[in-house]
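[1] my questions concern the predicted model and sequence given below.
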Amino acid sequence: MIRFLVGAEDLLHSRFALSPLFELDGLLRALTGLSGNALPGAWAGRLAPRLERLRAETPLDAVLALQSHRHGAGFVAPPPRGLAQTIDDDLAAVRATPPDVARREIAYSLRVRPDADARARAVLARPDAAAVLADTLDTAWRTLLAGDWPRLRAICERDVLHRAGRLSGGGWEAALRDLHPRVRWRDGGIDLLRTRTRETVPLGGRGLLLIPSVFVWPAVSAHTEDPWPCTLIYPARGISALWE
């Protein structure tokens, strides 16, 4: 269980955000079987040939080498700043990654995924790897997700309006009600149940970043380590109906 300890200041500093690049990360995981979250059959069938073409024609396998079932390099899915976040904002953050940070995260990812092929490793060994990966993510976004994003973003924005109204009117208990079966408000804290780790994380007046997501469904996830602020990523309301 992960438990976020919430103080009076945290309500003032908690915020919602959207992360286009995190959603692309989730889509790639779903298409390659890393997440265990299956896309609707028609959607997966439409995107599968595009994915294979990207893998053949671009360095997408270098991006995929940075992913595993429980890990992903943080610099290719940077934390969003707010609700107005765009894919261009995200890609600019990837390109601005300090080289030593990129090298450190790439090295760790390759230890987790030692099966990465030589072509992917060659891309990741380049001094401009962050820029190459950003260009590749840009192409993957336009090929796989850009056409569907306005509809999916609207679903996430409707969820934010719903949660924000509950948070301001009824506090944490109201905002978290029906957010996810594994999330609950208890005794001045937020519990995320059935996690692999047991951790207590004081928010310390910095608040919690709440991100509705399309591709995290039906799971829920949390970030508690840098470079992300304390974050809860949860399925947007209405997404289960879209999947079904």
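    Thanks, I have it.

[2] please count neighbours and contacts with C-alpha atoms only from this point.
    OK.

[3] residues near Pro181, how many?
    12 (other C-alpha atoms under 10 Å).

[4] same check, this time on Thr97
    Thr97: 17 surrounding residues under other C-alpha under 10 Å.

[5] how close does it get to Arg81?
    Counting by C-alpha to C-alpha, to the nearest Å, the gap from Thr97 to Arg81 is 16 Å.

[6] do the same with His180
    Separation of His180 from Arg81 (C-alpha to C-alpha) stands at 23 Å.

[7] now Ser35
    As for Ser35, its distance to Arg81 is 25 Å (criterion: C-alpha to C-alpha).

[8] again with Glu9
    Between Glu9 and Arg81 the distance is 19 Å, computed by C-alpha to C-alpha.

[9] just how off-centre is the longest helix seen in the chain within its chain?
    Counting residues, the longest helix in the chain under DSSP state H turns out to be helix 149-176. The gap between where helix 149-176 is centred and where its chain is centred comes out at 17 Å by C-alpha atoms, centre = their mean, to the nearest Å.

[10] name every strand pairing with the helix or strand just after it and say which way it goes.
    Toward the C-terminal end, the helix or strand that comes next after helix 149-176 (DSSP states H and E) is strand 183-186. According to DSSP bridges, strand 183-186 has the following sheet partners: strand 189-192 (antiparallel).

[11] buried residues in stretch 17-31, which are they?
    Judged by neighbour count (16 or more other C-alpha atoms under 10 Å), stretch 17-31 contains these buried residues: 17-31.

[12] ok, and what's touching it?
    Judged by C-alpha atoms under 8 Å, 6 or more residues apart in numbering, the contacts made with stretch 17-31 from elsewhere in the structure are 35-39, 44, 48, 64, 67, 76-87, 90-91, 141, 145, 156, 209-216.

[13] make a ChimeraX selection of the buried ones in those.
    When burial is assessed using 16+ other C-alpha under 10 Å, the buried subset of those is captured in ChimeraX by this command:
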select :35,37,38,39,64,67,76,77,78,79,80,83,85,87,90,91,141,145,156,209,210,211,212,213,214,215,216
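
[14] contacting residues for Pro79?
    19, 227-229.

[15] among the residues you listed, find the lowest-pLDDT one for me.
    On pLDDT alone, Pro227 ranks lowest of the contacts of Pro79, at 74.
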